[in-house]
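Enquirer: Generate coordinates for the sequence data below:
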Amino acid sequence: MNVIDENGNTVPNQESKRVLAGILAIVIGSIGIHKFVLGYTKEGIIQIIATFITCGFAGIIPFIEGIIYLTKADDDFIETYQVNHRGWF
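Expert: Modelled structure (predicted):
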């Protein structure tokens with residue numbers, strides 16, 4: 001299923017990114033890999049810096065995000081994170 005974003009651009013099928021990003025967020029999310037998979041470079045760099053500054057305590061954020069990614073329906077995930085470009089939670 002393709003979705004049209006707010007600029008009229010077609011967003012291709014993204015269901016597999018949901019699962020990949022969710023697993024990466026839970027397993028190695030503290031280094032921000034899941035953000036880069038979703039195309040959020042700035043948020044990925046922020047996650048790396050936050051993890052470094054807090055000595056790893058910021059790793060709880062991607063763990064929660066991973067659970068959210070994996071429990072969202074495909075259509076909700078695409079609408080929230082690919083069409084509306086919501087970078088956090």
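
Enquirer: Averaged pLDDT, the host helix or strand of Ile45. What do you get?
Expert: Following DSSP states H and E, one finds Ile45 within helix 41-53. Mean pLDDT, computed over helix 41-53, is 94.

Enquirer: now the angle from the helix or strand where Ile26 lies to helix 41-53?
Expert: Per DSSP H and E: Ile26 is located in helix 15-28. With axes from the mean of the first three to the mean of the last three Cα atoms, to 10 degrees applied, the angle from helix 15-28 to helix 41-53 works out at 10 degrees.

Enquirer: Show residues contacting helix 15-28.
Expert: By Cβ atoms under 8 Å, 6 or more residues apart in numbering, the surrounding residues in contact with helix 15-28 are 33-34, 37-38, 62-63, 65-70, 72, 74, 77-78, 82. For every residue, glycine as well, the C-beta is placed using N, CA and C.

Enquirer: Of those, which count as buried by neighbour count?
Expert: Neighbour counting by 16 or more other Cβ atoms under 10 Å classes Ile33, His34, Val37, Leu38, Pro62, Glu65, Gly66, Tyr69, Lys72, Phe77, Ile78, Gln82 among the contacts of helix 15-28 as buried.

Enquirer: now these in JSON lines, with distance to Phe89, secondary structure and pLDDT?
Expert: Shown next, in JSON lines, are the buried ones among the contacts of helix 15-28 (distance: Cβ to Cβ, whole Å; DSSP: H, G, I helix; E, B strand; the rest coil; pLDDT from 0 to 100):
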{"residue": "Ile33", "distance to Phe89": "17", "secondary structure": "helix", "pLDDT": "93"}
{"residue": "His34", "distance to Phe89": "12", "secondary structure": "helix", "pLDDT": "94"}
{"residue": "Val37", "distance to Phe89": "16", "secondary structure": "helix", "pLDDT": "92"}
{"residue": "Leu38", "distance to Phe89": "13", "secondary structure": "coil", "pLDDT": "91"}
{"residue": "Pro62", "distance to Phe89": "11", "secondary structure": "helix", "pLDDT": "94"}
{"residue": "Glu65", "distance to Phe89": "6", "secondary structure": "helix", "pLDDT": "94"}
{"residue": "Gly66", "distance to Phe89": "11", "secondary structure": "helix", "pLDDT": "95"}
{"residue": "Tyr69", "distance to Phe89": "10", "secondary structure": "helix", "pLDDT": "93"}
{"residue": "Lys72", "distance to Phe89": "11", "secondary structure": "coil", "pLDDT": "92"}
{"residue": "Phe77", "distance to Phe89": "12", "secondary structure": "helix", "pLDDT": "88"}
{"residue": "Ile78", "distance to Phe89": "16", "secondary structure": "helix", "pLDDT": "86"}
{"residue": "Gln82", "distance to Phe89": "15", "secondary structure": "helix", "pLDDT": "83"}
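
Enquirer: Thanks again, I'm all set now.
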